[in-house]
Structure formats: structure tokens, C-alpha cells
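Give the three-dimensional model of this entry:
(2 chains)
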Amino acid sequence: MLYIKCPFCGMRSQNEFAYGGDASVKRPELNKEISNNEWDDFVYNRKSLRGKHIELWHHVSGCRQWFKVQRDTATHEIFKTAKMDEQI
Amino acid sequence: MSQAYRIKDKGYINRKKLINFKFNGKNYTGFEGDTLASALLANGIHLIGRSFKYHRPRGFFAAGVDEPNAKLQVLLNGHSEPNVNATEIELVEGISATSQNCWPSVKFDIGAINNLLNKFFPAGFYYKTFMWPKSFWYRIYEPFIRKAAGLGVASIEKDKERYEHKFEYCDLLVTGSGPAGLSSAYAAAKSGAKVILAEDKHRFGGSLLTDDVSIDNLSGKDWADKIISELKEMPNVTIKNRSQVFGYYDHNMLVMFERVGDHLEKKSKFTPRQRLWYIRCKEVILSTGSIERPIVFGNNDTPGVMLASGAKEYMKVYGVLVGTKPLIFTNNDSAYETAIEFKNNGVDPLVIDSREEQNSELVNEAKNKGIKIKFNHAVIKANGYKKVNSALIGELNENKSEYKNTNIVECDCICVSGFWTPSVHLASQSGNKLKFKKEIDAFIPDKSKQNEVTVGAANGDFTLGSTLNAGFKAGTAASKKINNKEIDIQVPNVNEKNHKAHDKFWCSPLPKNIKAKRFVDFQNDVSVTDIEIALREGYRSIEHVKRYTTLGMATDQGRTSNLNGLQLVSNIENKIVPEVGHTTFRPPFTPVTIGTIVGREVGKHFMPTRLTPMHEWHEKNNAIFVDAGAWKRPRYYKIGNETMLEAAKREAKNVREKVGICDVTTLGKIDVKGPDAAEFLNRVYTNAWMKLPVGKARYGVMLREDGMVMDDGTTTRISENHYHMTTTTAQAANVLSHLEYYLQIVWPDLNVNVVSTTEQWAGAALAGPKSREVLAKLFPNIDVSNETLPFMGYKEADLFGVPAKIFRISFSGELAYEINVQSDHGMFMWEKMMEIGKEFGIQPYGTEALSTLRIEMGHVAGPELDGRTIPYDVSLDGMVSKKKDFIGKRSLTKSAFTQSDRQKIVGLIPTDRKTSIPEGSHLVEDKNAKLPNPKLGHVSSSCWSVENNNPFSLAILKNGKNMIGKKLFAVSPLKNKSIEVEVISSHYVDHEGKRVRS
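Next comes the predicted model:
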């Protein structure tokens, strides 16, 4: 079980959190004309990286904040966590 | 003649306390402090069970977790448990054990015929034999294999024992209380670090209990006792015996299995049997020690053959002689301690040493004691069926491939030692890649991936002096990392005997005229020949060899067999062991009971139960409940002998004709507040929200970004910047996370807050043509007319002193209201409604009637909104705004979603107007068509229409729009039904929706 530092609550066990996928995905702006390919990239296509990955986690059984985690997908090492408005 | 093999005044057992137990129906005695194994051996019992595949007689092979054979069915406190390791379970009054894997008895076992037929059971036998014909699998092969294989019998009784989980945090976890563990725990504890020391066995000390050493002029055991008693005094130290750390997981979380109650004769109601510890620690010191490895020879599985270390432990710890005519077969010095121990107890052993003449301290001591030794010799095979009675030994030639001469020696046990294997399981589980250490011919941990370090024998360090040194050093280093304190600890003086190098002799060659099986893996009956066959058939990867032969795949995880297997493969392949590699070590290190894994999460503690404030009333009024997520909802209220269908019909009919009341507390409720709330809802829902006035509700549908409907519900504008959103019961949690995602990540600029208020409000739906009359009496002070409180209207009012919210919304399709009060007043509201509604014929209705009402109205719910339907599929086209953008809108333009023959919701009635259509049935054109019969759609919801008095279903049907009027078949292979159905509109009742507006 991972040990994750919520930027608001501190170190907590993984079972308090929900995984939220790739944090680098940006939702296209509303009302913007975009191609099917761009839309598919946003909705479906993910890189599924091996190695360092910045991802979203949601502290569902805690403060209910979404935040960013930089984690190695192969070793599970967590390098850094940050609030949504902070840079990793 | 009880306990004839007990040595006088030897061992650490309590001879004052006699314990009675049973084995295979016979009564025996042992002493407190015995294991089941030591007590049986004290009574001269060696034959303990039959082997897995060939049903060969088997006896004790070891004295601890390394035991591959002695797995028993154990009955204790009325609870029967299979595959219990007799060398690990402590003797307790009344325990009853039986042999496994034999019938009719362990002494006469019919399955032993497999042993005679063994040439038909080579490696890969199952794979080769049971492949075809395919149809034989279920009827013939599988039942046969199940009966023939398998070890003990799992109990089908409910487990009455209590199991617990515990979460613990510490600075340092030390796994194992041998010299390495004691010294490192001691050093770290002295610096003030919070330490947990875990020992698998009941006694602390590990090898110090049996090795002939002294530390600071104390015996190993006395020194261990001294350290333990000092550690026990320290408030920062937790010491746990009977506790096996069996798994090393991510981020330094280790899991430990503690046997709390099994050894207690009497325990309180709340004493758990076993406890699972989740330990999160900053640092870990792995002091798991090592396990002796056997040398492989012919019939080496005969009862009476055991590890030399096991024999020594039985003598020293339990005061039990495993034989009176022992043969010691070794390739190293350590087995000489066993020989000397025999001699000290008045028994003359014969040592068979594969090495040339040795002159080490230990060997010389043995010689001085007059112990007979045959160097350059090996045991070729053991003789005897149910017990060893002699051995064929041979003098080895120079390259140890053949024998110069052979002869038979009488013996009643053979104690074998093929040197030592570090227990690297936990280190490997932590991510540490192992490396091969040539000097000891075994793997040891390499670079740490997590905050762990391995010390002592587990690290390939087999001398006490350097182990203690390394232990103190590791403890000091850990404490320095933890609290930056460095303390000075005096390393004690150690007196131990020097050992000379071992011999790389792992497997006795068989002379051509000798036939005997040489077992590598005892528990899975894997012999040298099996491995040879696997290699001959082309298996190369050690992982494949393992799976093909099942080497190391039994519950002992190959503790005594892995390295011998690797050695064998490397010899045949002419490779060195590190090139062959090793198989993966996986948790749990030792078997863990299911009860421990489950812990207290059984019965009603399996998951939390959510009850509405009106639950007691429902119970009193014969409600039959159904699980809706964690909620209990009344499914129907049973009157007399009614069936569920009859009750649902009665309740639904009463709503259509008079008035009904339904507990809707479980609906998800979310408060949406802030100046940008309207804009936010406008983006979340598919329809328009900017112009909803205060005091009005609106139905909304929300999509996922992929265009699928996520949830629906009504949202009411309570005040300028405050909306009350409702969700379905099932999706409440997901919708909240979804809203938070968009507010926190995608549109943080929106000034909106959301919070769940589901539990704050109790809700009751009042539905039916007479509901307004009931409402008027409930709220005499307000005008509830259609003009002032129209469909989708909202009012706040006073319910006999209790503030209430009235929403004029309807799921049943009737004139209906939903009334919310604060949860505390839920029961008051409900009882008041029942009381006032009495004269109008009010009746409560449950989820069955609720479904009936919504299905015949064609209102969609969970079964239609199953994450595979877009709004058009479920006739929610009118809800999709063409003007504004919203979550998921872009996906709706995808070509697959705009096909004219796309699936669509329809209604179905059976052509006979009688047969109910099972939910989940497939819709096909021709019920007799050849399989696979093309599926046109599926039945999502079914009910008995109370309005039309016949069955009615909703279905999602391909090209549904153009199928109205067609006849199809609803096929349910599960219920063995195929029903002719007619496709009609999904709106079966009140097409125009007049009633809700009446």
C-alpha cells in the first residue's frame, strides 16, 4: 500500500485516496472547435508511461481535494506531491 | 510407554504440565512448550502423512517453517483447519490432528498405488493427459484431479473465531529475534527509536537456542533472554513472539501475522485467534536467518530422514531424540553439532561426510568424543518404507560421480545437511534484486530499493561474531537515520567454533543398478527425474521449469528445494547458478488463514450499513429490505401471505388510484453554492440552467466526457446562489467526485462550492391523485394549489413546527411531491404523513412498486443508464441543448453516436400478455436460429404494469426507433425461457405526461 503525502493533510495510506489518471491532460476549452483527433486524445488516449509520471489523486476519505503526485509507475516511488495550483 | 524418546532434563519445555492430545484417533501426551511435531516425535511417531502425488509415506523433515511434509488437519475448539504445519503449531490441551492425503488411513493408503505406477506420472503429467477430449474436462478429469489432489479439507462450518486487524507505525521493524535481530533491535532501541521486534516462534533467540556458543560468558539462550528482558523494559520497544512478518509491500509497509489465541487453553470472548498487523515503518532490518538445505539422495523422503538442524532443535529445545541409531549425512561442519549433541545424550551417531578428511575445530571435537566419521562418503539411498531401517552408503571416487564401494549400514534416522540457504524472501519482496554469493552457493540481498537492510545469516553471514557486529552496526545506523543519535555500544565477546568450507555436493549419484526416487521438492513430489524430463523436453527458463514440474510451488514455497533445484538445472545445463537465476519470491512467506486476512470485516461488519431515519417504522411495518449500495431500502411491505409481486402490484396500484408514500432519503443530495453556481450547472448538465428562477426545480442529465449518461436527477434553486442537487442513490459518491474534479482542476476560476447533504435530509415522496389533498392537510398554512405550487415548483413550509422543503417533482409519473425535513425529524414527518393520509387511503410503497411505476411511465433509471447509453439512446434528446457547450457534448457528434439505426429505448409486452420477461434477456429475431444468434438488444427493466394488468418491460434495442410494432423473442438461457414479445413505445402509461401537471 502506497504512502502518499496529501498536500493538505500530510502522510496518509493509499486506501484513503482515489486515483485520477494522468495530470498532464488538459480539457479543451468550452465552445472551442476541435478535431475528432484532438477530442479523442483528451477523452481516450493515454501514454501509460513506464517511469516518472505526474498524476491526479483525490483524497476521497479525507479533505476531498484533488492534487498532483509525481510517481514512478514501475517502482511506485513518489518524488513529490503538490496542490493543483502548484508546479511539480 | 509414553514419550519414550524424551531425553531426561533436556530442553525448554515445561515438564510440570502434561498435555493430552490426539493423533489419528489415538491419545498421546506431551508437555507445555511442545509443538505438535515435537510431542509426536517424543512418542516415536514419524509417519505423519502421505505425499501429494505418489502417496508415499512421509515423516517430519524439519522443526520450523521449513517443514515440507507435516501438514495436518487440526481440530481445535470445534474448528477444523487443513494444512496446519505440525512443526509450527503449539501443543494445547484437547488438540486433535489427523493425517491428510490418505485413505483409508495413513498406514494403509490406497492412493499409494500411484507410487507403483509412478512412471505414468512424470513431470507435466496433468498437462499431457487431461488435454483432450475437451468434453471430458468437467465430467471426468476435473472431479478426478480434485479428489486425487488437494491436501486437507476446508471446513464448511462458519468460523466462530475472532480475528483482528491492527495498524501500527514505528521507526524500525526487526524481523526475527536471532543474534542479528536481537543486536540490531537493542542498538536502535538504546537510542530511543520506536522499535518493533517480531519473532515467528514462541521462543526468542533463533539460532542462539540451539548453537553451541557463548556470549559474554553466557550461553546463547541466556544472552538472548537477558537482551529480551532488557528490551521488554523499554517503553519504546514492542516485542512480539508468535508473529510472522510475511509480506513486504510498497513504501515500507510490512504485514505481520500474529497467533494470539491458538496456544491458550482458555481465552476470553474477545481474545482474537489471530491478528494481522499492517506496519508502516521508517526503517526495516531483516534478520530472518537461514534454512538448512538437504542433500538429495535416493528415497530421501522416507520417514526418519530429516534436516540435521531439525534433529538438533528437537534435542536441544524439546528434549526429544529423533532416533537412537542416527546417521548424519553432511557436506559441511554444522551437522557435527548435531552429531555431538547425539553423543552428549548417550547416542552413538555415524557421520557420513562427502568431503575429504577434515581437521576443523568442530570435526576434531567430534573425533575426540569418539564419534565415527566416514569421509569421502555419501548416502546413496535410504531403505525402509514407513521408517528408515538402513542406508546404502558408498565411498566416492575423486570427482564424486561414482562410488568405489558401497555397503549397507543400519540406522533409524538420517540427519542430512547440505549447508545453509539465507532466507531472502522479504528482501526480495521489497524489490531488492538478489545476488549470488559464491562462497556460500546461495543468493543474498543486493542493493536496497526501500529502507531496508539485511543482517546476519539472511545476508549469508554464518558466524556469530560478525553477525553480532553487523547487527549492532545496523541498529546504530538505523537509529542515526531515524533520530540522528549515535550511541556507543560495546560489542560482546563471543566464543564460537570455526567452521571449514562446505563441499559442493548437492545430490548423490545413483549407481546404474539402483532404482530409487530422489526428491528435490517433497511437498509437491518433484524428483530429480522430473527436472531432467522438463529440461529434456526443452524447458529452459527456471520459471517455466518451476511451473512444468511444480517445483517450489507448494505451500512451503520451496524453502528446502529451490536451491537444490537450481543447482540441478545448472549442472545439467552446464551453467552456473546465477545464470539460471531464481524464481520470484511472493508473499505470504508462510500460509495465512483467510480469517486473518478478512479480520473483523465479516457479517454485518463486512461493510457499513446506512439506515434512513424512518428505518424502525419500516421494520415495524413488515418491510422486506433490499440493499441499495450501503443503504437498506424497503423493497415492499408484506401483508399476510403476499408474494413480492402481489405486494408490489398492490402498492403501485394504490399510488395510481389513491396516494402512496415512499422513503426517498437515500437519494444523493448535494448543495451547490456560490455566485457561479448557475454557470457551473450549465456546464455540468446537458440542458440549460441560466434562466431557472428561484423556487423552481429542473430535471437534469449529466454526461461523462465520452458522451455516456452518467446520472440524472432534479436540481432546485433554493435562493439566488444556492442550488439543491439530487442524484440517484447509486451514483451519489461518483457525482460528488465528478463535480469536485471540474471545480478544482478544470474550472478553478468558478466560484462554487459543493458538499454532500445526503445524510442531513430525510425525504418522503408523496405520490398519487390524492397527494395534494394530503399535502393541504399537512401544511394548512400554505396554498398548495396547482397555480401556486405547480409541477417543478418549490416551497418552504412549516410541518407542525418542523421546517420542511416541498418539491413538486415526480418519479412515479403521478401528481407527486417530495418533502424533506432535517434527518432528526424524519420519523416525525413520516408518521404525520401516515396519520393524515389515512383517510385518503395512504399506503407506503417500496422499491418494487417504485420501479413498476417508473417503468410503465418509461422513466429511465440505473438499468438503462448503465454507462453504455448516450442521451439519444434513452429518449432524452429533448434534454440536450443545441446552443451551449457542456461536459461530453463533443462526443455526441461522433459518427457512431449519430447513426440512424442506433440503439434506442423501447417498450416490450409479451404477445400472450401473461408471461413476465426476465431482466437481462437478449432480444433476437428468431429464437431457433443457429448459435451465435445475432443479438438485437437486451431487456433492461421489467415489471407488471398495474395500469394495463400485464407484463411490461423496457429494452435497449438496435434501430429501436424503427422497430415499433415488430415481433421479436426475448431469450433468457439462464431462466431457460424464450418469450415472444411485441415492440411498443417506452411510454406505456400517460404518454402526454398530464398527470404530473394535474
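
do you know how far B:Pro587 is from B:Phe840?
From B:Pro587 across to B:Phe840, the span is 64 Å (C-beta to C-beta, to the nearest Å). Any C-beta I mention is one placed from the backbone N, CA and C, and that applies to glycine too.

ok, B:Gln429 - contacts?
Neighbouring residues of B:Gln429 by C-beta atoms under 8 Å, 6 or more residues apart in numbering or on different chains: B:Gly247, B:Tyr248, B:Tyr249, B:Phe585, B:Arg586, B:Pro587.

which residue packs closest to it, ignoring adjacent ones?
Using C-beta to C-beta, 6 or more residues apart in numbering or on different chains and skipping residues adjacent in sequence, the residue nearest B:Gln429 is B:Tyr248, 4.0 Å away.

wait, what's in contact with the closest residue to chain A within the stretch 51-200 of chain B?
The nearest approach of the stretch 51-200 of chain B to chain A comes at B:Phe167, 8.1 Å away (C-beta to the nearest C-beta). Taking C-beta under 8 Å, 6+ apart, we find B:Phe167 in contact with B:Trp277, B:Tyr278, B:Arg280.

coming back round to it: return the alpha-carbon coordinates of the helix or strand encompassing the residue nearest to B:Gln429 using CSV.
In this structure, B:Tyr248 is located in strand B:243-249 according to DSSP states H and E. The C-alpha trace of strand B:243-249 is given here as CSV (Å, rounded to 0.1, in the frame of the first residue of the first chain):
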residue,chain,number,x,y,z
SER,B,243,4.4,-13.3,14.9
GLN,B,244,5.5,-13.9,11.3
VAL,B,245,6.2,-10.9,9.1
PHE,B,246,5.1,-12.4,5.8
GLY,B,247,4.9,-9.7,3.3
TYR,B,248,7.0,-6.6,2.4
TYR,B,249,5.0,-4.1,0.3
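
what about it, average pLDDT?
Across strand B:243-249, pLDDT averages out at 97.

which neighbours does it have in its sheet, and in what orientation?
Partners of strand B:243-249 in the sheet, by DSSP bridges, are strand B:253-259 (antiparallel).

ok, the helix or strand just after the partner strand: who's next to it in the sheet?
Next in sequence after strand B:253-259, counting helices and strands by DSSP H and E, comes strand B:274-286. Sheet pairing for strand B:274-286, assigned by DSSP bridges, gives strand B:163-175 (parallel), strand B:253-259 (antiparallel), strand B:452-454 (parallel).

For strand B:274-286, what is the distance to the chain centroid?
18 Å (C-alpha atoms, centre = their mean, to the nearest Å).

ditto for stretch B:725-745
On C-alpha atoms, centre = their mean, the centre of stretch B:725-745 falls 31 Å from that of its chain.

Over to stretch B:564-582?
The answer for stretch B:564-582 is 33 Å, by C-alpha atoms, centre = their mean.

What remains of the contacts of B:Phe167 if I keep only buried residues?
For the contacts of B:Phe167, a burial check counting by 16 or more other C-beta atoms under 10 Å in any protein chain shown picks out B:Trp277, B:Tyr278, B:Arg280.

Mind putting those residues into CSV with pLDDT and distance to B:Glu616?
CSV is the format used below for the buried ones among the contacts of B:Phe167 (pLDDT from 0 to 100; distance: C-beta to C-beta, whole Å):
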residue, pLDDT, distance to B:Glu616
B:Trp277, 98, 39
B:Tyr278, 97, 37
B:Arg280, 97, 41
